[in-house]
Each structure stands twice: as structure tokens, then as C-alpha cells.
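In: dropping the sequence and predicted coords here.
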Amino acid sequence: MYAIVDIAGQQFKVEENTKYYVPRIDAEVDKSVTFDNVLIYSDDKTTTIGTPSVKGMKVKAKVLEHLKDNKVIVFKKKRRKGYRIKNGHRQQLSRIEITNISGSKSKKAEEKETE
């Protein structure tokens, strides 16, 4: 069972009991967060594609920690001009663990199962 979820403008394929690094979430450590914007949900039998999201589906996660990513060096140079600029950047991340993927199935998915 998996779901594709929109978290802070990025799409992640998530499964239960797995850990992911996502852009920083405004939640305290050891608190749970819920993501409502589920784009695709799939169990072993059926796949439900949202238009634009699957109604009634929610993904619950627990925030494990907040951290910074590795430093990325940005170096700009123009030859023969004496122009050199060096900058660095560290992205703010949150590490989350998906605890539950749940919700009611759409009516179309229920109709397909009864047929």
C-alpha cells in the first residue's frame, strides 16, 4: 500500500512505517501532522487517482527531528574580469515517519469492488 502526497509543494511516494526527509514542517518534534493532499492512493487491488486529490484520504506522520541538509556551494566566475562570488546554502529539513495511511474510499472505487 502506498500513496503519493503533496508536502510543501513537493510530491513524495510514501508507505507506512517508513522515514522520509521533507522540507521543514512547522510542527514540534514528536508531534503528529496530517497531510490531506493525497494525489494517488494504491492498495494491492486498486489504484485511485485524485482529481486533483483523493477525497477522504489522509496520511498521518510523526515529526522525528529538524535538521539542515549538507552544504551546497554556489560559485560564480567570469573569466578575465576578476569576478568571483562564492556562496553556500543549507536547506532546512524535517525527518518524518509515516504512521498511517487511511480514509474512506471514493464511491467509484467502492462500485468497482462490488462488480
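Out: Perfect, I can see it now.
In: the helices in the protein, which residues?
Out: In the chain, the helices defined using DSSP state H lie at 107-114.
In: ranges for the strands of it?
Out: With strands called from DSSP state E, the chain shows them at 2-7, 10-14, 19-23, 32-35, 38-42, 47-49, 57-68, 72-78, 83-89, 92-103.
In: want to throw these into JSON lines with mean pLDDT and mean neighbour count?
Out: (Each C-beta comes from the backbone N, C-alpha and C, glycine too.) Below are these laid out as JSON lines (pLDDT from 0 to 100; neighbours: other Cβ atoms under 10 Å):
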{"stretch": "strand 2-7", "mean pLDDT": "96", "mean neighbour count": "20"}
{"stretch": "strand 10-14", "mean pLDDT": "97", "mean neighbour count": "15"}
{"stretch": "strand 19-23", "mean pLDDT": "97", "mean neighbour count": "15"}
{"stretch": "strand 32-35", "mean pLDDT": "96", "mean neighbour count": "15"}
{"stretch": "strand 38-42", "mean pLDDT": "95", "mean neighbour count": "20"}
{"stretch": "strand 47-49", "mean pLDDT": "93", "mean neighbour count": "15"}
{"stretch": "strand 57-68", "mean pLDDT": "97", "mean neighbour count": "17"}
{"stretch": "strand 72-78", "mean pLDDT": "98", "mean neighbour count": "9"}
{"stretch": "strand 83-89", "mean pLDDT": "98", "mean neighbour count": "9"}
{"stretch": "strand 92-103", "mean pLDDT": "95", "mean neighbour count": "17"}
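In: measure residue 39 to residue 73 for me?
Out: 34 Å (Cβ to Cβ, to the nearest Å).
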